[in-house]
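Enquirer: build the 3D model from these lines:
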Amino acid sequence: MRWLCLLLTVTGLPLAAQTATPLSRAAETITEQDVMRRVGLIAADSMMGRGTPSPGLERAAEYVAREFQRAGLKPAGEKGTYLQRFGVTRWTIDTRRSTVELVTDGVRSVARVGTDARHVLGTIPSQPLHGSAVLLFKRDSSTTTGPDDVKDRIVLLVVDFTKPVSPALNQKIFDLARAGPKAVVILSNRDSVTFAQRLSAAARPRLTRDHEAPADEGAPVVEVHERALAPVLAAAGIQPDRLRRLERDYRRTIPSLTIELNLPRTIVARGMVPNVAGILEGSDPRLRHEYLIYSAHIDHIGISPGQGDSINNGADDNASGVAGLLELVEAFTQPGVRPKRSLLFLAPSGEEDGLLGSAHFTEHPSVPLDQVVANLNMDLVGRNWRDSVIVVGPEQSDLGTTLERVVQAHPELRMTPIADRWPEERIFYRSDHYNFARKGVPILFFTSGTHADYHRPSDEPQTLDGEKEARLVRLLFYLGAAVADQGSRPKWTPESYRQIVGRR
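Expert: Take a look at the predicted model:
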C-alpha cells in the first residue's frame, strides 16, 4: 500500500518535474518576457534605427557587448574586446560623368547613367572598362547558363521585362557576372514608369567596405534601356524584339561592336563600424577547437526623413534575431549545458547594405574558418505564422537531418520548419549565412519572412509575437546543442557544395 501511495505521488508530479534535465532547464530560461524586453531595448527610439554607421548602431553594439561580458563569454573581437571594426564608405555613382557607350562601324550611342541606365550589382570599376561584345539571350525557362565563353568580353544580355522575371533568370544573371566577363550590359524594354522607379532606387547612396572588392562579387552589371541605343543596335544588326521571341538560347560574338563603361563615384561619407563577437569555450579538450556560430545582424536602415514617424525601429528586422542571440547566450551559460564544441555568437553590422559585416568577418575571422562546423542564422524571427518558420538550407547538408530529429524530439515547441515561400526573393543570398556558405561552412537560416511593416517605421516592438519567438529560439538552442555535441561535423551534399562553394 505504501508502494502504491509512493507511485501515485510520483506520477502526480508535473511532467516537466519528472523529465527535467540541465538542458531542458536551460531552455526554460528563454522566455517571452525576456525576448520582448530585449527587443524593446534594441528597437527603442533612442537607437535611431541603427543605421550603418550611426550612434544608434554603436549603442546597440555596446549593449550586446555588455551582455556578452555579463555572461562570461570570451572576447572574439580585436585587442581583447568584443568588437571587430571595419571601414565603410557611403557613395553614389556620379551621374554627371557616368556613361555606357556602344560603337560599331562608325555609329555611336551613349546611354547616360541616371537617365538611360543604372548600376544593378557587382563591382564598381575604378577605371573605364572597354571590351568587345558578345550578344546573349537566355530563355527564362532554361535550367542552365550553358557553355558560353564570356571571359574578358562585355556581355550584351537581352531580357524581356514585359514578362515576370523568374528567380531562375535572376540566378543566371548573378552567375553570368561571376563567369569572368568584364561587364554585363542588360538591354531593357521596361515601361517608362517602371524604369524611372528603378533609376530612382539606383540613385540612392550605397555603402561598401573600404577595400578592393573581391572577385567573387562579380563583374559590374548595368541595365540600359534599349531606346537609348537604337542607332547602334540597328547598325550592328541586333533586333532585341526578335530575339525575345526565340524558343532557344542565343549567342553571337560581335567583334566590331565595342562597349565602354565609365562609372565614377562620389564619396558621401566614411566611417568605422562594429561587429560584436564572443565565444563560449567548449567542454571537450579535442572538440573545443571547433566552432558553431550563431548569428543575427544588429543593424537596420536608420531614419527616413519627411515622415511623421521617421525612425525605422527594426523590431523584427532584426532586433528579434539579436534578442534571440542573447537568449541563447543566457541559456548556454546555465550550469551543466556547456557543449563539447565551442560556440561563437556573432552580431554583424552592415547586413542591410549588402552583408558587409559578415563578409568582413568571414574574410578576417577571429577563429580559423576551417574549424567552423556550421552557422545558424536568424533574421526576422518574431512574426507571421505562430507555429512554423521558414528554414533555408536543410537540403544543402545533413544539418537538415539533425534539425528534423530535434523537431521530432521536441513536439512541445510546436514549431514546424517549412520551405521558402518566396523563392523569387532569393533570400538565400540576402542574409549573413550566405557569406559563411560561400566559404564552405554548412548553414541553416531561420526566418519568419517579411510583412507589411518590413523596412518601415511601423516595425515596432508591440507588433512582435514574443511567445512564438521564444519557442523558436528554444528550438535553435536544442539544435545548436545537438550539432555542437555530435561526434562528426555536418557534411555538405556534393551537389550543393559544387553549386555554392565549388564554383568559386
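Enquirer: what helix or strand is A374 located in?
Expert: strand 372-378 (DSSP states H and E).
Enquirer: contacts for that strand, please.
Expert: Applying CB atoms under 8 Å, 6 or more residues apart in numbering, the contact partners of strand 372-378 are 290-296, 318, 320-321, 324-325, 341, 344, 365, 397, 399, 431-433, 436-437, 441-447, 476, 479-480, 483, 489-490. Every C-beta, even on glycine, is put in place using the N, C-alpha and C of the backbone.
Enquirer: in its sheet, which strands sit next to that strand, and in what direction?
Expert: Sheet pairing of strand 372-378 (DSSP bridges) gives strand 291-295 (parallel), strand 443-447 (parallel).
Enquirer: okay, it in PDB with CA atoms only?
Expert: The C-alpha trace of strand 372-378 is given here as PDB (Å, rounded to 0.1, in the frame of the first residue of the first chain):
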ATOM      1  CA  VAL A 372      33.700  26.400 -38.100                       C
ATOM      2  CA  VAL A 373      31.400  23.400 -38.400                       C
ATOM      3  CA  ALA A 374      28.100  25.300 -39.000                       C
ATOM      4  CA  ASN A 375      26.300  28.700 -39.000                       C
ATOM      5  CA  LEU A 376      22.800  29.100 -37.700                       C
ATOM      6  CA  ASN A 377      21.500  32.500 -38.700                       C
ATOM      7  CA  MET A 378      18.400  34.400 -37.500                       C
END
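Enquirer: helix or strand next in line after it, which one?
Expert: Sequence-wise, the next helix or strand downstream of strand 372-378 (DSSP H and E) is strand 388-392.
Enquirer: for this protein, give me the ranges with low pLDDT.
Expert: Applying pLDDT under 70 to the chain picks out residues 1-18, 140-148, 212-216, 424, 503-504.
Enquirer: got the domain boundaries for it?
Expert: Here the domain parsing of the chain from automatic domain parsing is 19-89+271-502, 95-263.
Enquirer: buried stuff in stretch 105-120?
Expert: Using 16 or more other CB atoms under 10 Å as the burial criterion, the residues of stretch 105-120 that qualify are S109, V110, A111, R112, V113, G114, D116, A117, R118, H119.
Enquirer: how about residues contacting that stretch?
Expert: Outside stretch 105-120, the residues that touch it by CB under 8 Å, 6+ apart are 93, 95, 98-103, 173, 186, 198-199, 202-203, 220-225, 227-233, 235-236, 256, 263.
Enquirer: sorry, back to before: tell me which of the domains of the chain is the most buried.
Expert: Among these, ranked by average contacts under mean count of other CB atoms under 10 Å, first place goes to domain 19-89+271-502 (a mean of 20).
Enquirer: find the nearest non-adjacent residue to Y63, please.
Expert: Leaving out its chain neighbours, the residue that sits closest to Y63 by CB to CB, 6 or more residues apart in numbering is L41, at 6.4 Å.
Enquirer: helices or strands next to the helix or strand harbouring the one you found in the packing?
Expert: Element membership of L41, judged by DSSP H and E, is helix 32-42. Contacts defined by 3 or more CB pairs under 8 Å, 6 or more residues apart in numbering; DSSP states H and E place helix 32-42 against helix 55-71, helix 320-332, helix 466-485.
Enquirer: follow-up on the earlier one: which members of the buried residues of stretch 105-120 are the farthest-apart pair?
Expert: Spatially, the most separated pair among the buried residues of stretch 105-120 is S109 and H119, at 18.5 Å (CB to CB).
Enquirer: coming back round to it: now the helices and strands packed on helix 32-42 as JSON lines including distance to T81?
Expert: Shown next, in JSON lines, are the helices and strands packed on helix 32-42 (distance: least, CB to CB, whole Å):
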{"stretch": "helix 55-71", "distance to T81": "7"}
{"stretch": "helix 320-332", "distance to T81": "17"}
{"stretch": "helix 466-485", "distance to T81": "24"}
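Enquirer: relative to T19, which of these is closest?
Expert: With CB to CB as the measure, helix 466-485 is the member of those nearest T19 (13.9 Å).
Enquirer: which residues touch the helix or strand just after the closest one?
Expert: As assigned by DSSP H and E, the chain's next helix or strand after helix 466-485 is helix 494-497. Contact partners of helix 494-497, identified using CB under 8 Å, 6+ apart, comprise E395, Q396, S397, G440.
Enquirer: what distance do you get for the last one to A111?
Expert: It stands for G440. From G440 across to A111, the span is 39 Å (CB to CB, to the nearest Å).
Enquirer: how about the first one?
Expert: Noted for E395: a distance of 41 Å to A111, by CB to CB.
Enquirer: likewise the second one?
Expert: With the distance defined as CB to CB, Q396 ends up 40 Å from A111.
Enquirer: on that earlier part again, right, and the strands paired with strand 372-378 - which one's nearest H455?
Expert: strand 443-447 (14.4 Å).
Enquirer: put the alpha carbons of the closest one into CSV.
Expert: The C-alpha coordinates for strand 443-447 follow below in CSV (Å, rounded to 0.1, in the frame of the first residue of the first chain):
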residue,chain,number,x,y,z
ILE,A,443,24.3,26.7,-42.8
LEU,A,444,20.7,26.9,-41.8
PHE,A,445,18.8,30.2,-42.0
PHE,A,446,15.7,30.8,-39.9
THR,A,447,13.2,33.5,-40.8
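Enquirer: residues touching Q127, list them.
Expert: By CB under 8 Å, 6+ apart, the contact set of Q127 is empty.
Enquirer: look up phi and psi at it.
Expert: For Q127, the backbone dihedrals (degrees, to the nearest 10) come out as phi -130, psi 160.
Enquirer: let's number from 8 now, not from 1
Expert: Yep, numbering from 8; the last one is Q134 now.
Enquirer: what about it, distance to P227?
Expert: Per CB to CB, Q134 is found 12 Å from P227.
Enquirer: please apply the same query to R66.
Expert: Distance check for R66 against P227: by CB to CB, it reads 36 Å.
Enquirer: likewise P271?
Expert: 13 Å.
Enquirer: S139 now?
Expert: Distance of S139 to P227, given as CB to CB: 17 Å.
Enquirer: go on, R216?
Expert: Here the criterion is CB to CB. By it, R216 lies 17 Å from P227.
Enquirer: alpha carbons only: can I get stretch 205-215 in CSV?
Expert: Taking Å, rounded to 0.1, in the frame of the first residue of the first chain, the C-alpha atoms of stretch 205-215 are listed here in CSV:
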residue,chain,number,x,y,z
ARG,A,205,14.5,51.7,-60.9
LEU,A,206,16.6,54.7,-61.8
SER,A,207,15.4,56.5,-58.7
ALA,A,208,16.2,53.5,-56.4
ALA,A,209,19.7,53.1,-58.0
ALA,A,210,20.5,56.8,-57.3
ARG,A,211,20.3,56.3,-53.5
PRO,A,212,23.6,56.4,-51.7
ARG,A,213,25.2,52.9,-51.2
LEU,A,214,27.5,51.6,-48.5
THR,A,215,30.5,49.4,-49.2
